[in-house]
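> Sharing a model that was predicted from the sequence below.
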Amino acid sequence: MAQKEVIGSIKLQVPAGQANPSPPVGPALGQKGLNIMDFCNKFNDSTKEFEKGMPIPVVITAFADRSFDFITKTPPTSFLIKKEFKIKKGSGTTGAEVIKEVKKSSLKNIAEIKQKDLNLPIEAIIEMVAGTARSMGIKVIEG
């Protein structure tokens with residue numbers, strides 16, 4: 001089978017199960033001449049098991065014959081942290097304001113979700129998640 005000619009790739013963040021032709025999806029796919037409704041239907045179908053509205057990063061590969069392929073990734077770490085610890089938003093003044101204290105061990109759930117996208121040991125991913133948590137004003141303590 002001959003390989004298709006790739007004309008570009010598009011990175012978007014689309015709410016799970018809620019892709020529609022409005023921006024950012026429509027204009028991004030329209031520029032490459034792709035069938036917008038076809039993408040919306042396929043994306044919504046593939047993300048129906050996620051919580052509705054959860055932001056899902058997607059990488060769309062556009063081919064010369066106007067077909068496409070896409071890969072969904074795990075939700076952003078900051079979204080997962082807010083959901084896990086039931087906080088509305090991070091600190092407005094990182095480093096000065098602590099909005100919550102969490103144990104490092106409680107970050108393992110998030111790290112396991114993110115491990116699907118990252119080819120790293122779980123300990124390294126936990127450190128990355130802890131860094132994101134600290135930047136959001138969450139104090140990470142040992143334990």
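Nice, thanks for sending it over.
> Pop the domain breakdown of the protein in here.
6-72, 77-141 (automatic domain parsing).
> Can I get those in JSON lines including mean neighbour count?
In short, each C-beta sits where N, CA and C put it, glycine included. As requested, those are exported to JSON lines (neighbours: other Cβ atoms under 10 Å):
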{"stretch": "domain 6-72", "mean neighbour count": "15"}
{"stretch": "domain 77-141", "mean neighbour count": "15"}
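> TSV for these, including mean pLDDT?
Below are those laid out as TSV (pLDDT from 0 to 100):
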stretch	mean pLDDT
domain 6-72	93
domain 77-141	91
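> Backbone dihedrals for residue 79, please?
phi -60, psi -50 (degrees, to the nearest 10).
> wait, isn't it in contact with residue 54?
Yes - under the criterion of Cβ atoms under 8 Å, residue 79 makes contact with residue 54 at 7.0 Å.
> just the CA coordinates of stretch 80-90, formatted as CSV?
The C-alpha trace of stretch 80-90 is given here as CSV (Å, rounded to 0.1, in the frame of the first residue of the first chain):
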residue,chain,number,x,y,z
LEU,A,80,-6.7,16.7,35.9
ILE,A,81,-5.2,18.4,39.0
LYS,A,82,-8.2,20.7,39.4
LYS,A,83,-10.6,17.8,39.0
GLU,A,84,-8.7,15.4,41.3
PHE,A,85,-8.4,18.0,44.2
LYS,A,86,-11.8,19.7,43.5
ILE,A,87,-10.4,23.2,43.0
LYS,A,88,-11.9,25.9,40.7
LYS,A,89,-8.6,27.5,39.6
GLY,A,90,-5.0,27.8,40.4
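> from the middle of its chain, how far away would it be?
15 Å (Cα atoms, centre = their mean, to the nearest Å).
> can you list the residues that contact it?
74, 78, 99-100, 102, 106, 109-110, 113-114, 129, 132-133, 135-138 (Cβ atoms under 8 Å, 6 or more residues apart in numbering).
> Which ones among those map onto helices?
Judged by DSSP state H, the subset of these located in helices is 78, 109-110, 113-114, 129, 132-133, 135.
> Since that was my last question, I'll sign off now.
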